[in-house]
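Q: predicted model and sequence below, questions to follow.
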Amino acid sequence: MESKKRWYRKWNLDVSKEEVKAIIAACQDPEKYSKTSLSGLHTPPDTADLNGQKLVFRGEGRVFGFDIVSGNELRFTENGGEPKTCFCNIKTLDSEIYFLNHLVPGFEFSRQITLVADMKTGFATVCDAHIGTEYSNIDVGREFIFGKLDGQYEGGEMHRFTTDLVGKAVEWEYGPDMIKIKHIYNSNLFYSYCAQTKNGAWMACNPADYVKIRDNVFIFSFVEERQIGLQALFLIDLNKMHDVGCFYGVGSDHLTSACVGAVGVMVNPNTIF
């Protein structure tokens with residue numbers, strides 16, 4: 001499922017398909033692609049809560065299987081196909097809602113599957129992302145799929161696109177002495193962000209999507225359309241003012257699929273710096 005069409009506004013930052021393939025091929029080791037400078041003090045550790053469980057997600061005509069072996073090992077299946085062994089990060093903020101992120105091997109242009117699963121209600125969202133779109137070889141394209149896990153659960157509602165965050169702003173901190181980034185959720189199709197960097201003040205606006213998981217718990221995701229096309233996908237808990245997420249895409253010389261976390265404070269959406 002995709003939200004309403006947006007006007008594409010890319011600057012001339014694209015690269016060739018051959019360059020993208022070469023970058024991806026050189027970064028198949030999780031030690032290379034699963035690290036980022038934003039993984040600071042507030043990034044939750046990987047959890048073993050789901051070890052040994054086999055989660056089956058069904059939604060919008062798709063069936064994904066997540067056989068969580070142990071540690072960072074997961075066997076992924078799609079529509080009953082052959083299992084693929086993947087390196088996986090599994091995070092949680094409350095031991096009820098889980099964030100599972102992994103790359104699926106065998107794709108020249110890379111594919112990332114992220115599952116956000118509410119283990120209390122059984123409702124879940126999959127973000128199926130890949131590098132390369134109809135507009136750009138380097139941008140991340142993605143699809144949000146809403147569904148439910150097999151099993152017996154009670155209560156809850158299907159995850160869905162939302163405008164509940166629109167009009168709010170949060171300043172996120174990834175760790176002591178690390179950059180603070182202010183997210184301004186100013187549209188159901190876009191968001192703005194600003195930061196004070198060593199090179200001075202920075203501000204940008206990028207396409208964004210918002211999904212409601214529970215009251216005050218959301219998926220917020222954007223693609224850096226005006227930069228190098230990275231996707232960021234965050235599970236935000238406004239009750240705890242904490243998030244966990246993942247950056248995905250290719251930079252000038254490397255592939256990234258790395259988890260992060262931050263703590264936040266609500267701030268005025270009408271001011272910048």
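A: It's in.
Q: what strand or helix carries the residue nearest in space to the middle of the chain?
A: Central residue of the chain (C-alpha atoms, centre = their mean): residue 233, 2.3 Å from the mean position. Assessed by DSSP states H and E, residue 233 sits inside strand 231-237.
Q: coming back round to it: bridge partners for the residue nearest to the centre of the chain, pull those for me.
A: Residue 233 has these beta-bridge partners by DSSP bridges: residue 221, residue 246.
Q: repeat that for residue 173.
A: Counting by DSSP bridges, residue 173 is bridged to residue 180, residue 263.
Q: wait, it touches residue 263, no?
A: Yes: in terms of C-beta atoms under 8 Å, residue 173 counts as a neighbour of residue 263; the distance is 5.7 Å. In this view, the C-beta of every residue, glycine as well, is placed from N, C-alpha and C.
Q: what sits in contact with each of those two?
A: Residues touching both residue 173 and residue 263 by C-beta atoms under 8 Å, 6 or more residues apart in numbering: residue 42.
Q: could I get the contacting residues of residue 84?
A: By C-beta under 8 Å, 6+ apart, residue 84 lies in contact with 75, 76, 77, 104, 105, 106.
Q: quick check: buried residues in the top strand by length along the chain?
A: Assignment by DSSP state E gives strand 200-214 as the longest strand of the chain. Buried residues in strand 200-214, counting neighbours by 16 or more other C-beta atoms under 10 Å, are found at 205, 206, 207, 208, 209, 210, 211, 212, 213, 214.
Q: show me what that strand packs onto, helices and strands only.
A: Contacts defined by 3 or more C-beta pairs under 8 Å, 6 or more residues apart in numbering; DSSP states H and E place strand 200-214 against strand 111-118, strand 123-131, strand 140-149, strand 160-161, strand 190-197, strand 217-223.
Q: closest to residue 249 out of those strands?
A: strand 140-149 (5.0 Å; C-beta to C-beta).
Q: which of the residues in that closest one are buried?
A: Within strand 140-149, the residues scored as buried using 16+ other C-beta under 10 Å are 140, 141, 142, 144, 145, 146, 147, 148, 149.
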